[in-house]
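>>> Can you look at this prediction? I've put the sequence above it.
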Amino acid sequence: MAAVPELISPRSARVSAARRLAKRSFRHKERRFLAEGPQAVREATAPDGAAPLRELFATLPAAERYPEIVERARAGGARLHLASEETLADIAQTVTPQGLVGVCDFLDQPLDRVLAAGPRLVAVLAHVRDPGNAGTVLRCADAAGADAVVVTDASVDLYNPKSVRASVGSLFHLPVVVGVPVAEAMAALSAAGTRVLAADGAGERDLDEELDDGAMGRPTAWVFGNEAWGLPEETRVLADAVVRVPLHGRAESLNLATAAAVCLYASARAQRAPGGCRREGR
């Protein structure tokens, strides 16, 4: 590892600037956010300079424990700040920081650019208010092989530290769109030839019926609503279909992230089956 820099002062302007990114207003003013822990910071680094990581605060034990992350950060052009445990805890938003906190550039892209790439599977967070759920749904979308995630203006800030942590690095893996009105996002997806399905426990059709009909092999966008009250009627009517996950047992319902995982994986499986859009696109 290259020479270790001097310990940064807790009163440093760089520390103050990083600490302010815990607040949404400062994040959006600077268009930067915090990524905590080795997994998130690792995913934010790249040796070719294309990564969003701009600064890395690390304790000496963490820098020694994760030398490959520090080297990748440096190779990618990020500035390394060695910090005390107390200074890093002052920047971090977790109770027990893991010794690494990165300052990253915003990652979002315009909706039209994402649609121009011809996405085949998209998750739309229409009215998701819990940051942990937002990050978990993004992680599910990444795991299911989705091509993009759209976070509308009626949902939580995707760059909230809790959302970033819950995504466990997936925020850095796939295109994201933020701040688009729900109706605008759904209309644009439909105009691009994407079938828009609203996931709702009170849906007229269930997921098994959609799979049996063979329609889920097409490019699809799943729209997910609020954790407590689902999707409002004005959003439901904009979808091609409102679909519920069938409950074959005695459970009353599924939480948002579980339902999203079931829906996204159902589409992923259908698209990879003979005749599915991903197979046709090869």
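Now that the structure is in, tell me what you want to look at.

>>> When you work out contacts or count neighbours from here on, use the C-alpha atoms and nothing else.
Noted.

>>> Would you mind listing the buried residues in the host helix or strand of residue 113?
Assessed by DSSP states H and E, residue 113 sits inside helix 111-116. Residues 111, 114-115 are the ones in helix 111-116 that count as buried (16 or more other Cα atoms under 10 Å).

>>> Identify all contacting residues around that helix.
Helix 111-116 has contacts (Cα atoms under 8 Å, 6 or more residues apart in numbering) with 148, 175, 177, 180, 185, 189, 192.

>>> run the last query once more with 7 Å
By Cα atoms under 7 Å, 6 or more residues apart in numbering, the list of residues contacting helix 111-116 from outside reads 177, 192.

>>> I figured residue 140 hits residue 261, correct?
Yes - contact criterion Cα atoms under 7 Å: residue 140 and residue 261 qualify, at 5.5 Å.

>>> Those two: who's more crowded?
Just comparing residue 140 and residue 261: by other Cα atoms under 10 Å the higher neighbour count belongs to residue 140, 23 against 18.

>>> which SSE is that one in?
Per DSSP H and E: helix 131-143 holds residue 140.

>>> still on that earlier bit, mean confidence score for the helix holding residue 113?
Taken as a whole, helix 111-116 has a mean pLDDT of 97.

>>> May I have it as CSV, with CA atoms only?
Extracted in CSV, the C-alpha atoms of helix 111-116 (Å, rounded to 0.1, in the frame of the first residue of the first chain):
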residue,chain,number,x,y,z
LEU,A,111,-35.3,8.4,-17.9
ASP,A,112,-35.1,8.8,-21.7
ARG,A,113,-31.5,7.6,-21.6
VAL,A,114,-32.4,4.5,-19.7
LEU,A,115,-35.4,3.8,-22.0
ALA,A,116,-33.2,4.2,-25.1
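
>>> Strand partners (parallel or antiparallel) of the helix or strand just after that helix?
The helix or strand immediately downstream of helix 111-116 is strand 121-125, counting by DSSP H and E. Note on strand 121-125: by DSSP bridges, its sheet partners are strand 148-152 (parallel), strand 220-224 (parallel).

>>> Name the residues that touch the last one?
This points to strand 220-224. Under Cα under 7 Å, 6+ apart, the answer for strand 220-224 is 120-126, 194-199.

>>> now swap in the first one and tell me
With Cα under 7 Å, 6+ apart as the contact definition, strand 148-152 has outside contacts at 119, 122-126, 138, 174-182.

>>> what are the ranges of the helices in the stretch 151-282 of the chain?
161-167, 182-191, 207-213, 233-236, 256-272, 277-280 (DSSP state H, counting those that start in this stretch).

>>> Same check on the stretch 1-150 of the chain?
For the stretch 1-150 of the chain, the helices defined by DSSP H, counting those that start in this stretch occupy 13-20, 24-30, 37-43, 60-65, 67-75, 85-91, 111-116, 131-143.

>>> ok now the fifth one, how far from the chain's centre?
Here the centre of mass of C-alpha atoms in helix 67-75, compared against the chain's by Cα atoms, centre = their mean, to the nearest Å, lies 23 Å away.

>>> Which strands or helices does that helix pack on?
Applying 3 or more Cα pairs under 7 Å, 6 or more residues apart in numbering; DSSP states H and E, one finds that helix 67-75 makes contact with no other helix or strand.

>>> quick one on the thing from earlier: can you put the buried residues of helix 111-116 in TSV and add distance to residue 226?
Converted to TSV, these look like this (distance: Cα to Cα, whole Å):
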residue	distance to residue 226
111	22
114	24
115	24
